[in-house]
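**Student:** quick one: sequence and predicted model below, then my questions.
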Amino acid sequence: MQKNIWAKTILTSYRFLEKVSDAIDRLVETRALNSFYMGGNNFSQNNVFVVSESLINLTERKKKLINLKVVCDQSLRSCKEEHAQILIERYIDGDKAKKIAERHELSMRTYFRRLESAEGEFSAYLSRNGYTEKFLAKTLLSEKWIYEIYSKFSSIPREELFQISESYLKKIALS
């Protein structure tokens, strides 16, 4: 059984949080500006209530993503420096294990032990601050793209990392 799946998921999603938040901002702006043209054939889809509800939902979604970014930053700052560096290089930068091990002059075995220890430390910080597996599942699995990352870590070998294309980022903000 794999450990620290939520820690890996949060760290991997970190590099996309700003882009998704920016896409949500653009969507909010577009919907707000287009709300001026309410009425006509699309009145049921463009009335004040529907547009307002959509804007509120998008804003709440962005708030959730910003909070995730903040808790990730805090968690990384609470880790030992060597652990934080490995987590950043591995999950946020997306570097391969071999490259990281060489950069830090570690054997592969030592690298993987250190990575597992770093993931555990990061995960423990999350739990201590209320970001338990149950809370994260309830809060984040409504984000389809985060659920995809979580699913991949639940079923893939350690060496594979989740990748998101630019076109998929645009779809994420619309879902």
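**Tutor:** Here it is on my side, so go on.
**Student:** just checking, next helix/strand downstream of the helix or strand bottoming out on mean pLDDT in the chain?
**Tutor:** Lowest mean confidence among the helices and strands of the chain (mean pLDDT, DSSP states H and E): helix 43-46, at a mean of 55. Using DSSP states H and E, the next helix or strand after helix 43-46 towards the C-terminus is helix 48-78.
**Student:** helices or strands up against that next one?
**Tutor:** Packing partners of helix 48-78 (3 or more Cβ pairs under 8 Å, 6 or more residues apart in numbering; DSSP states H and E): helix 5-34, helix 81-87, helix 108-128, helix 133-140. C-beta here means a position set from N, CA and C on the backbone, and glycine is covered the same way.
**Student:** name the residues of stretch 110-124 that come out as buried.
**Tutor:** 111, 114-115, 118-119, 121-123 (16 or more other Cβ atoms under 10 Å).
**Student:** looking only at pLDDT, what's the mean for that stretch?
**Tutor:** If you average the pLDDT over stretch 110-124, you get 95.
**Student:** alpha carbons of it, as CSV, please.
**Tutor:** Provided in CSV are the C-alpha atoms of stretch 110-124 (Å, rounded to 0.1, in the frame of the first residue of the first chain):
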residue,chain,number,x,y,z
THR,A,110,19.3,6.9,0.2
TYR,A,111,17.3,9.2,-2.0
PHE,A,112,14.2,7.1,-1.8
ARG,A,113,14.5,6.8,2.0
ARG,A,114,14.9,10.5,2.3
LEU,A,115,12.0,11.1,-0.1
GLU,A,116,9.8,8.8,2.0
SER,A,117,10.9,10.6,5.2
ALA,A,118,10.2,14.0,3.6
GLU,A,119,6.7,12.9,2.5
GLY,A,120,6.0,11.6,5.9
GLU,A,121,7.1,14.9,7.5
PHE,A,122,5.0,16.9,5.1
SER,A,123,2.0,14.6,5.6
ALA,A,124,2.3,14.8,9.4
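**Student:** where does the residue nearest to residue 116 when sequence neighbours are not counted land in three-state SS?
**Tutor:** Leaving out its chain neighbours, the residue that sits closest to residue 116 by Cβ to Cβ, 6 or more residues apart in numbering is residue 3, at 7.3 Å. Following DSSP: H, G, I helix; E, B strand; the rest coil, we place residue 3 in the coil state.
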